[in-house]
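> Sequence and predicted structure are below.
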Amino acid sequence: MKAYHLHMGSAKIALDLGDGSERGEYVNQDYILHTLGRPHRAINLMYCYYPLDEGWPTRASELPLPDGKVATFAWDYAYDDYFTYKGGLEGNTSGEPFTSIRDVRRHGQDVILTLTCDCAVSDAQLIKIAQDLKPFGRLMLRINHEATGTWFAYNKRYSYQEVADFYVRFHRIIKEHAPNVQTILCIGDGHKTADGKVKYEDEFSQAISETDMWSSDTYLSLHWGWPFDIAERGGTTHKRVSNAAVFEGFKFEYERFMARSGGKTRPFVISEFNADGDVNGAHEQAQQVEDFYRRLPKEAPCITGVTFYQFRDRGRLGLEIQDPSNPDVGYKQPILDTYKKVMAMDEYLPKMSMGKEAAFPAKMRWGGSEDADGIVVPLEITAPPVFCEVTFTGEDIGLNLMLEINGRWFYKRPGVETIDLMPAFFDAALGEVSLRIFAPPPEGINEPSQGEGWEMNYYAEMKSLPEMRVRYEAVMGA
């Protein structure tokens, strides 16, 4: 066998995935990878930061409401009912969200951290958050998303101008103390005001022109009254819109963001997307979502990434529904198989380019899921195999690796010697087969000891080619 240098670049449109929120618990990346068969560009994690509030850092829904009040809406609590950010000046980086961030990154994915914040926190508190996030590579930080809405605590406490000014303040602190982190401004909702602008565009004009990325949250249908009521005909707590109307909304928002930035472009992403099975039903949900993904590349070319909300949900916004009798278990919806088809579409696949033959030991660089240098081993597999496995030896057993063969991805944690690759051949046609290998950081964190550029890149070295075992017949008896 020979090996060659391999570069992994960005897809035309990146696929991201939400994992955990007010509606569901975090699901580990091993389970998600085995279920879906390939990693995402990034995983979106949702947290909140209200350290000035009484009761912090207890999750909001676990705190008693004042005067015997009973919650009738998902955001009726003292602050936003996300998992609480345990870092900052008040905490450390040994708990959440850092446990989940490390899990995501060691599995070859970048992180989108959605963080809602009290706008009254100090610069010192924000600087500490920036320092917390700096070792995690090309992390994307979505600050106070859906900022032109009314439901989050920061919108109830501050004017839209104050929320916009906070965004700029936080963005500038990030750029000074963790420039490897990209900020995401999420204010679009696809609707024009009477004067032909995005809602509260004037207040957010500075944020639009300074942020690293623009974003919109878009649901083809949504039951926002969940779990306090049921979506029925004539109800007022759910909606449904056409795919065509959503595409037009993207174009409008992008034009307005460009206008506010003097024509300067930025990546424009959909930070939350789905159709709600509470409104559509499970089968029509899958049909509408598939139609959206198939049309998106041509009808909204301004979009550079889409985050599906979410993997497992207590309601009907997940690829799986969380089992109400056992929160550790999910059962798949029709949309899961539909989404796997989307993941295999060329527009949503990262681009791979093979270089010169590699000599061993071979150096590999992990800059992120859209910029990584690994190795590829072309294989001669002439028929569907009965056995196919790869074994690492010597020091290479200690490597943390992501492997891809025949369209299926596998994770090898440090200490594992052999990976059974047969799932790549169970339900997929045999194509041009190569073993692709990348080495994301084993602890999910970049290492300052690696020297200049450590914030963006992690380096590993493979000492020798792994050993392949491919057999076309079962072991015969005596």
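Structure's in. What do you need?
> Any regions of the protein where pLDDT drops low?
By pLDDT under 70, the weakly predicted segments of the chain are 190, 477-478.
> can you rerun that using 80?
For the chain, residues meeting the criterion pLDDT under 80 lie at 68, 188-191, 431, 476-478.
> Could you pull out the helices in it for me?
Using DSSP state H, the helices assigned to the chain run over residues 29-36, 98-106, 123-133, 153-157, 160-177, 205-210, 243-260, 277-280, 282-299, 334-343, 423-426.
> which residues touch stretch 219-235?
23, 71-74, 237-243, 246, 272-276, 278-280, 285, 288-289, 292, 309, 314-316 (C-beta atoms under 8 Å, 6 or more residues apart in numbering). All C-beta atoms are positioned from the backbone trio N, CA, C, and that covers glycine.
> typo on my end, it should be stretch 445-456
Residues outside stretch 445-456 that contact it (C-beta under 8 Å, 6+ apart) are 102, 105, 134-138, 178-180, 367-368, 441, 457-459.
> how about 7 Å then?
R102, K134, P135, F136, G137, R138, N180, G367, Y458, Y459 (C-beta atoms under 7 Å, 6 or more residues apart in numbering).
> Would you mark the buried spots in stretch 132-150?
Neighbour counts over stretch 132-150 (16 or more other C-beta atoms under 10 Å) mark 132-149 as buried.
> What of stretch 434-453?
Buried, per 16+ other C-beta under 10 Å, within stretch 434-453: S434, L435, R436, I437, F438, A439, P440, P441, P442, G444, I445, N446.
> do the same with stretch 292-306
Buried residues in stretch 292-306 (16+ other C-beta under 10 Å): F292, Y293, L296, E299, A300, C302, I303, T304, G305, V306.
> for the third one, what are its contacts?
By C-beta under 7 Å, 6+ apart, the contact list for L296 reads I13, I303.
> so how far is F252 from it?
16 Å (C-beta to C-beta, to the nearest Å).
> one step back: want to try TSV for the buried residues of stretch 434-453, with distance to V168 as columns?
TSV is the format used below for the buried residues of stretch 434-453 (distance: C-beta to C-beta, whole Å):
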residue	distance to V168
S434	46
L435	47
R436	41
I437	42
F438	36
A439	37
P440	32
P441	31
P442	37
G444	30
I445	29
N446	27
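> Which of those sits closest to D420?
The closest of these to D420 turns out to be L435 (C-beta to C-beta; 13.3 Å).
> tell me the contacts of that closest one?
By C-beta under 7 Å, 6+ apart, the contact set of L435 is V376, V377, L379, V390, L403, I405.
> my read: the second one touches H5, true?
No. V377 sits out of contact with H5 when judged by C-beta atoms under 7 Å, with a separation of 11.5 Å.
> So for L89, which of the helices of the chain sits nearest?
helix 123-133 (4.8 Å).
> Show me what the closest one is packed up against.
Judged by 3 or more C-beta pairs under 7 Å, 6 or more residues apart in numbering; DSSP states H and E, helix 123-133 is in contact with helix 160-177.
> Pull out the buried positions in the helix it packs on.
Buried residues in helix 160-177 (16+ other C-beta under 10 Å): 160, 163-171, 173-174, 177.
> Reformat the residues you listed into CSV and put distance to K12 next to each item.
Shown next, in CSV, are the buried residues of helix 160-177 (distance: C-beta to C-beta, whole Å):
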residue, distance to K12
Y160, 34
V163, 33
A164, 31
D165, 35
F166, 34
Y167, 29
V168, 31
R169, 34
F170, 30
H171, 27
I173, 33
I174, 27
H177, 33
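> Could you check how far the spatially closest residue to Y167 that is not a sequence neighbour is from V111?
Nearest residue to Y167, sequence neighbours excluded (C-beta to C-beta, 6 or more residues apart in numbering): A207, at 4.5 Å. Applying C-beta to C-beta, the value for A207 to V111 is 22 Å.
> do the same with S216
Taken as C-beta to C-beta, the span from S216 to V111 is 20 Å.
> Check L319 too.
Distance, L319 to V111, using C-beta to C-beta: 19 Å.
> What count of nearby residues applies to the residue lying closest to Q125 once chain neighbours are set aside?
Taking C-beta to C-beta, 6+ apart, and ignoring the residues beside it in sequence, Q125 has L89 as its nearest neighbour in space, at 5.3 Å. If you count neighbours by other C-beta atoms under 10 Å, L89 ends up with 14.
> Tell me both backbone torsions, phi and psi, for L89.
Backbone torsions of L89, given as degrees, to the nearest 10, read phi -60, psi -30.
> which residues touch it?
A124, Q125, K128.
> same thing with K192?
Here K192 is in contact with F252 (C-beta under 7 Å, 6+ apart).
> can you rerun that using 10 Å?
Counting by C-beta atoms under 10 Å, 6 or more residues apart in numbering, K192 makes contact with V198, K199, G249, F252, E253, R256.
> can you check N243 too?
By C-beta under 10 Å, 6+ apart, the contact set of N243 is L220, A275, Q288, V289, D291, F292, Y293, R294, R295, L296, E299.
> Could you measure from it over to R260?
In terms of C-beta to C-beta, N243 sits 26 Å off from R260.
> ok, now how distant is A300 from F292?
10 Å.
> correction: D202
D202 is 31 Å from F292, by C-beta to C-beta.
> go on, W214?
Counting by C-beta to C-beta, the gap from W214 to F292 is 19 Å.
> okay, how far is it across stretch 146-162, tip to tip?
Start-to-end span of stretch 146-162 (C-alpha to C-alpha, to the nearest Å) is 15 Å.
> Let me fix that, I meant to ask about stretch 130-150.
Taking C-alpha to C-alpha, stretch 130-150 runs 27 Å from one end to the other.
> could I get the contacts of N243 as CSV with distance to M468?
Output for the contacts of N243, formatted as CSV (distance: C-beta to C-beta, whole Å):
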residue, distance to M468
L220, 45
A275, 43
Q288, 43
V289, 38
D291, 41
F292, 40
Y293, 35
R294, 36
R295, 41
L296, 38
E299, 43
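> from these, which is closest to P466?
For the contacts of N243, the closest approach to P466 (C-beta to C-beta) belongs to Y293, at 34.9 Å.
> what's that closest one in contact with, if anything?
13, 15, 243, 273, 306, 308, 338-339, 341-343, 345, 347-348.
> Pull the most distant pair out of the residues you listed.
Counting by C-beta to C-beta, the most remote pair of the contacts of Y293 is N243 and M343, 19.1 Å apart.
> OK, contacts around the nearest residue to S209 once chain neighbours are set aside?
Once flanking residues are discounted, S209 sits nearest to S261: 4.7 Å by C-beta to C-beta, 6+ apart. Neighbouring residues of S261 by C-beta under 10 Å, 6+ apart: S205, I208, S209, E210, T211, W214.
> can you put the residues you listed in TSV and add neighbour count and distance to D80?
Listed next are the contacts of S261 as TSV, based on neighbours: other C-beta atoms under 10 Å; distance: C-beta to C-beta, whole Å:
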residue	neighbour count	distance to D80
S205	15	25
I208	21	23
S209	15	27
E210	15	24
T211	23	21
W214	27	22
